[in-house]
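Trainee: Any chance you could fold what I've pasted below:
(chains A and B)
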Amino acid sequence: MANMTEQNAKVLDFDYQIQQQDEAFPTLQILNNAGQLVDEETFNQSDISDDDLVAIMQRMILSRQLDIRSTKLAKQGRFGFFAPTAGQEASQMASSYAFKDDDWLFPGYRDIPEIVVKGWPIWKAILWSRGHAKGNEMTTEDGKPVNAWMPQIIIGAQYVEAAGTALGLKKRKQDAVAYTYTGDGGSSQGDFYEGINFASAYKANAVFFIQNNGYAISTPRKLQTAAQHLAAKGWASGLPSMVVDGNDPLAMYLAAKKARAWSVAGNGPVLIETLTNRLEPHSTAGDDPLRYREQSDIDEWWKREPLIRMRQFMTDKGIWDETKEQAYVDEVNALIDDQIKIADNIEKQKISDFIKNTLEVPSQAMQEQIDKFESEGK
Amino acid sequence: MANKTYIAAIQEALDLALAKDDNTLIFGEDVGENGGVFRATDGLQAKFGEDRVFNTPLAESGIGGLAMGLATQNYRPIMEIQFFGFVFEVMDSIAGQMARTRYRFNNTRNMPIVVRSPYGGGTKTPEMHADNLEGLVAQVPGIRVVMPANPADAKGLLLSSIESNDPVVFLENLHLYRSLKGEVPEGYYTTPLDQAAIARQGDDISIIAYGGSVPVALKAADELAKQGINAEVVDLRTVSPIDIKTIGESVQKTGRVLVVQEAQRMAGIGATVMAEISERFILSLKAPIGRIAAPDSIYPFAQAENDWMIKADDVVEKAKEVVNYD
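Mentor: Take a look at the predicted model:
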């Protein structure tokens, strides 16, 4: 009997296949947990200036302070729904820094900070979380549209919508991309696959992020899939896919910047899995992480959070110090105080407006209801 | 005016819409070279190019999301769901997402999408293709559900749906595609949404129907006329929202009502019509409202359809019962 060919041996060697998957996705890291550069050459590729570093740090601080204040306000019953973001600042803020105003953001419900830095005022974000119609305006303070969708509640739905916008941007020959975020849980959804596959089939302008933050509410990452790397799912659709240290702001910025440039050039979408961790509950609506994870695990991840390493790196570089950080924290907190006051003083919404916001031309029954509620001042 | 099939009228409307506005796009499964499985988009890719008329990967939720994303870029997507029996795969995009867009953006953004899809039965399609799921989408606030009953309306209502800044689910009756012909006005015209039509004038009873049940009701009305009963047939045309005013005028004129739908008795539209009449016009009624609907079973396929679907004879019989009620 003839020997098996090397090729056929590989096809039939399932252990080999699994091992290949692991080897295919090394993690991009530029800054380690201690804030030291581990790859100077790659860092230099990012062309990141000191001003950029300061801007990314400020965005991460804004996100952290917003997280702290939102959580407090939620406990006082003054906020609506809020999904904490601590630990994910690099994954969210350093990546989104690589995108431009013309790019279209499709956020998940945990991605409020990315929308805020795109121009959505915090007071509108607060009102959105409270279910107030004024929060449903994706516009800047002076009323200009922000190129972002409302935070997506249905996990993964933003992926198919981003694919549509990505195709639209390609058709319109725009130098812009659609970029979108979901979590490790989101990567289990049908819409996740449909979104990356559609965008890939059309070679559309999209950058997809999976923020692998360890937990989908209580379900750990390992229960989402047997795939060793969530990024591997991108390969099935034929798109470049990578794993990035999601707590490393420099790696996140560079990965996003490269992905954007690739996609804008007409090559199609890119998928980025960010390895990070959700340090706090799933939401402020009563989730207790200690029902499903150990405190020691949470403590360990707090040591790896992105602000620590960015602070160290920038301090060593001589462009950051405690005074600068405290001054910025104070500035952000003053801003948030003002924004809460604006949100608290917005006029009460009306039921008749809910109906008016449902169809451009109301039906006969809707008009009757509008008239009735308006006559009652509601 | 030319005598055209229902599907030819739809194809003509799509052709006119693509010619009128470069922002209109048609996409779905097999809508390109193949012209759709029923040929509703036949020749449109050849005429308008692959940029405007294109096939998608086979994934309904992806198609719905694609439509929404394209709408954010000021396109006016006309997406096709190959059979309405497949709508469950895309219900989040339709009911959860596009229907809520106006509300979710405090009336600052439009969602001008048309979801075209064949529905109903009677053409011996495989299992889970044919179905009457209009009730499912009609109960979702923020979308319209339009169901034309003749070729002229199919064209005019489709053009209105494409012009709408809100999402429209436009349901095309499978059975009527090639079995029904009618006079269709030339050129571009629109037929208003949310307005019922009087398909046949009469004073003895109002038969309220929509979509594929309208030809059944008209056939029944012809038979009733032979028996001395002059039935008025109201064609709802838009089933969500329904035109309460036109229904009321007819009910107040005849005092007797029969609601006819192809869908199962438990499935929606007819029940809504009956509820509105009961709430608003009950004192005009001289008899309990009658109802003809399909049995409350799973929609059968192929051979069983013909026995199961509603028939003009049943409508005649029930109408006589309502008319003769004292």
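Trainee: residue boundaries of the helices in the stretch 51-200 of chain B?
Mentor: B:60-72, B:91, B:101-104, B:134-138, B:151-163, B:176-179 (DSSP state H, counting those that start in this stretch).
Trainee: Please name every helix or strand in contact with the fourth one.
Mentor: It stands for helix B:134-138. Contact partners of helix B:134-138 among helices and strands, from 3 or more Cβ pairs under 8 Å, 6 or more residues apart in numbering or on different chains; DSSP states H and E: strand B:144-146, strand B:168-173, strand B:238-240, helix B:269-281. For every residue, glycine as well, the C-beta is placed using N, CA and C.
Trainee: and if we set it to 10 Å?
Mentor: strand B:114-119, strand B:144-146, strand B:168-173, strand B:238-240, strand B:257-264, helix B:269-281 (3 or more Cβ pairs under 10 Å, 6 or more residues apart in numbering or on different chains; DSSP states H and E).
Trainee: among these, which is nearest B:Asp30?
Mentor: Closest approach to B:Asp30 among the helices and strands packed on helix B:134-138 (Cβ to Cβ): strand B:114-119, 12.5 Å.
Trainee: can you tell me if that closest one touches chain A.
Mentor: No: applying Cβ under 10 Å from any Cβ of the partner chain, one finds strand B:114-119 out of contact with chain A, separated by at least 13.8 Å.
Trainee: I'd like the distance from that strand to the chain centre, please.
Mentor: Mean C-alpha position of strand B:114-119 versus that of the full chain (Cα atoms, centre = their mean, to the nearest Å) differs by 8 Å.
Trainee: State the distance from A:Lys372 to A:Glu331.
Mentor: Using Cβ to Cβ, to the nearest Å, we find A:Lys372 at a distance of 48 Å from A:Glu331.
Trainee: Chain neighbours aside, what residue packs nearest to whatever residue of the stretch 1-150 of chain A ends up closest to chain B?
Mentor: With Cβ to the nearest Cβ, the shortest gap between the stretch 1-150 of chain A and chain B falls at A:Asn136, namely 3.9 Å. Ranked by Cβ to Cβ, 6 or more residues apart in numbering or on different chains and with sequence neighbours excluded, the top spatial neighbour of A:Asn136 is B:Asn106, at 3.9 Å.
Trainee: what sits against that neighbour?
Mentor: By Cβ atoms under 10 Å, 6 or more residues apart in numbering or on different chains, the residues touching B:Asn106 are A:124, A:127-128, A:132-139, A:150, A:349, A:353, A:356-357.
Trainee: Among those, which lie within strands?
Mentor: Taking DSSP state E, every one of the contacts of B:Asn106 sits outside strands.
Trainee: quick check, nearest of those residues to A:Arg260?
Mentor: Nearest to A:Arg260 among the contacts of B:Asn106, with distances taken as Cβ to Cβ, is A:Met138, at 21.2 Å.
Trainee: what residue is smack in the middle of chain B?
Mentor: B:Met147 (1.3 Å; Cα atoms, centre = their mean).
Trainee: That residue and chain A, how far apart?
Mentor: 16 Å (Cβ to the nearest Cβ, to the nearest Å).
Trainee: these two touch, right, that residue and B:Val239?
Mentor: Yes: with contact defined as Cβ atoms under 10 Å, B:Met147 counts as touching B:Val239 (5.4 Å).
Trainee: got any residues that touch both of the two?
Mentor: Listed as contacting both B:Met147 and B:Val239 by Cβ under 10 Å, 6+ apart are B:134, B:138, B:169, B:171, B:210-211, B:269.
Trainee: Relative to chain A, which of these is nearest.
Mentor: Using Cβ to the nearest Cβ, B:Ala138 is the member of the shared contacts of B:Met147 and B:Val239 that lies nearest chain A, at 11.5 Å.
Trainee: For the closest one, give me the pLDDT.
Mentor: Predicted confidence (pLDDT) at B:Ala138: the value is 97.
Trainee: That one - nearest residue in space that isn't next to it in sequence?
Mentor: Sequence neighbours aside, B:Ser240 is the residue nearest to B:Ala138 in space, at 3.6 Å (criterion: Cβ to Cβ, 6+ apart).
Trainee: what is that neighbour paired to in the beta sheet?
Mentor: B:Val145 (DSSP bridges).
Trainee: lowest-pLDDT helix or strand in the chain?
Mentor: Reading this off chain A. helix A:14-24 (a mean of 88; mean pLDDT, DSSP states H and E).
Trainee: You answered for a different chain; I wanted chain B.
Mentor: The least trusted helix or strand in chain B, going by mean pLDDT, DSSP H and E, turns out to be helix B:305-308, with a mean of 89.
Trainee: quick one: buried residues of that one?
Mentor: Neighbour-count burial for helix B:305-308, counted by 16 or more other Cβ atoms under 10 Å in any protein chain shown, picks out B:305, B:308.
Trainee: And the contacts of that helix?
Mentor: Here helix B:305-308 makes contact (Cβ under 10 Å, 6+ apart) with B:120-125, B:130, B:175, B:264, B:294-295, B:297, B:299-301.
Trainee: again, but for stretch B:216-226
Mentor: Applying Cβ under 10 Å, 6+ apart, the external contacts of stretch B:216-226 come out as B:149-150, B:175, B:199-202, B:204-205, B:207-210, B:213, B:229-235, B:258-262, B:292, B:309-320, B:323.
Trainee: Which of those fall in strands?
Mentor: Among the contacts of stretch B:216-226, the ones falling in strands (DSSP E) are B:199-200, B:205, B:207-209, B:231-235, B:258-262, B:292.
Trainee: Pull out the buried residues from those residues.
Mentor: Counted by 16+ other Cβ under 10 Å, these give B:199-200, B:205, B:207-209, B:231-235, B:258-262, B:292 as buried.
Trainee: Tell me how far stretch B:21-33 lies from the chain's centre.
Mentor: Taking Cα atoms, centre = their mean, one finds stretch B:21-33 lying 20 Å from the centre of the chain it belongs to.
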